[in-house]
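>>> Sharing a model prediction with you, sequence too.
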Amino acid sequence: MNKTFSTIVLLLLLFPIHLFGQSSFTIDANHWENCETGEGKCDTLIYIRKSNNENIQLIMPCGGTYTTVKLYGDNKEIPLHSLNIGYEECPPTFNITKLIDGDYSIYMMACNLGGEVTFKLKTE
């Protein structure tokens, strides 16, 4: 494989969100663990988008060998998004582009990480 091709492939792997016109909203494992254990800071996260059409990928940490995540809006009985994945498919992601401004909850069930994280979606 030539050096130029290798560099391009590496850049695509490292920066896919930016190259394809998407924004990302990442929730890291430390924040999720704080929310799960009640130790440390677990504030509602806020994501401010530039427009309602902004393409946004919500990226969450892998919770273990198998991870289930569910995203809820006002109705806590019916998830807006749901995902069950194995470790090899991590990280779990949801496209939240079409969500309206408001408050949301994400629940994770896994062997290593779990519980609820909340976020607010706003448009400038």
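That came through, no problem.
>>> So what pairs up with the residue nearest in space to the middle of the chain in the strands?
Nearest to the centroid of the C-alpha atoms of the chain, with distances taken as Cα atoms, centre = their mean, sits residue 59, at 2.4 Å. On the basis of DSSP bridges, residue 59 is bridged to residue 26, residue 93.
>>> can you check residue 121 too?
residue 47, residue 102.
>>> mind listing what it touches?
47, 49, 96, 99-102, 104 (Cβ atoms under 8 Å, 6 or more residues apart in numbering). Glycine gets a C-beta too; all of them are placed from N, C-alpha and C.
>>> mind redoing it with 6 Å?
47, 99, 101 (Cβ atoms under 6 Å, 6 or more residues apart in numbering).
>>> Kindly tell me how buried the last one is, as a neighbour count.
Residues within reach of residue 101, counting by other Cβ atoms under 10 Å, total 11.
>>> The second one now?
Using other Cβ under 10 Å, residue 99 is surrounded by 19 other residues.
>>> before we move on, which element is it in?
Using DSSP states H and E, residue 99 is not contained in any helix or strand.
>>> now swap in residue 31 and tell me
Going by DSSP H and E, residue 31 is part of helix 29-37.
>>> who touches that helix?
In contact with helix 29-37 (Cβ under 6 Å, 6+ apart) are residues 40-42, 61, 113-115, 117.
>>> Just the buried ones among these, please.
Among the contacts of helix 29-37, those scoring as buried are 42, 61, 113-115, 117 (criterion: 16 or more other Cβ atoms under 10 Å).
>>> Identify, from these, the entry nearest to residue 74.
residue 117 (16.8 Å; Cβ to Cβ).
>>> Just to check, that closest one is in contact with residue 108?
No. Residue 117 is beyond contact range of residue 108, at 7.6 Å (criterion: Cβ atoms under 6 Å).
>>> For the protein, just list every one of the strands.
23-26, 45-49, 56-59, 66-72, 81-86, 93-95, 102-110, 115-123 (DSSP state E).
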